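Asker: what's the 3D shape of this:
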Amino acid sequence: GADLIGDMGGLHSFMDWDRGILTDSGGFQMVSLLKLANITEEGVRFESPHDSRQMLLTPEESIRLQNRIGADIIMALDDVVSSTLTGPRVEEAMHRTLRWIDRCIKAHSHPDEQNLFGIVQGGLDARLRDLCLEGMIARDLPGYAIGGLSGGEEKAAFWRIVHQCTSALPFHKPRYLM
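Answerer: Next comes the predicted model:
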């Protein structure tokens, strides 16, 4: 996988592409493969849908893989929950996302070559979004993503959260609506 692509000179060489490349952390699999995944503070343990093999994706491993393949913009591993979920799990995921960004920052071995984006979480809860925005902005990352949307919420709620996040994120840094 990642080591083979890295040995071939990275994604740019492998794809013969001289423009920007963005990679995702693998966090979306927490939602899409929830029946096969167990989320803990350590990371996400997956059961392969192909051979039932256990795999662990930690914030550090996610960053190591993305560093190895040489993407220009790499996403931090975040704790993703469905946008329609409410209650304590949403707050747990938001706080874990902030703890995991620190682990991602520490693990990032090419900060001068690759831009690490933090992902703002908090579901449809404005208070949780504000807490996550404050935490991400305090870390002064090269860019930010707005995550945890497009999961079945009403369009009005979607646009309310997008407006809240874009209004608070630094204007001079890239923003990515996932």
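Asker: show the average pLDDT along stretch 53-69.
Answerer: Averaging pLDDT along stretch 53-69 gives 93.
Asker: same check on stretch 148-164?
Answerer: pLDDT averaged over stretch 148-164 gives 94.
Asker: next, the buried residues of it.
Answerer: Gly148, Leu149, Glu153, Phe158, Ile161, Gln164 (16 or more other CB atoms under 10 Å). For glycine as for every other residue, the C-beta is placed from the backbone atoms N, C-alpha and C.
Asker: ok, those vs Leu98, which is closest?
Answerer: Nearest to Leu98 out of the buried residues of stretch 148-164 is Gly148 (CB to CB; 13.5 Å).
Asker: got the contact list for Thr84?
Answerer: Leu124, Gly151, Gly152, Glu153 (CB atoms under 8 Å, 6 or more residues apart in numbering).
Asker: list the contacts of Phe130.
Answerer: If you look again at residue 130, you'll see it is Asp, not Phe. Gly122, Gln164, Ala168.
Asker: so can I have TSV of the buried residues of stretch 148-164 showing secondary structure?
Answerer: Shown next, in TSV, are those (DSSP: H, G, I helix; E, B strand; the rest coil):
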residue	secondary structure
Gly148	coil
Leu149	coil
Glu153	coil
Phe158	helix
Ile161	helix
Gln164	helix
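Asker: now for the residues you listed, which pair is the farthest apart?
Answerer: Maximum distance among these (CB to CB): 13.4 Å, for Glu153 and Gln164.
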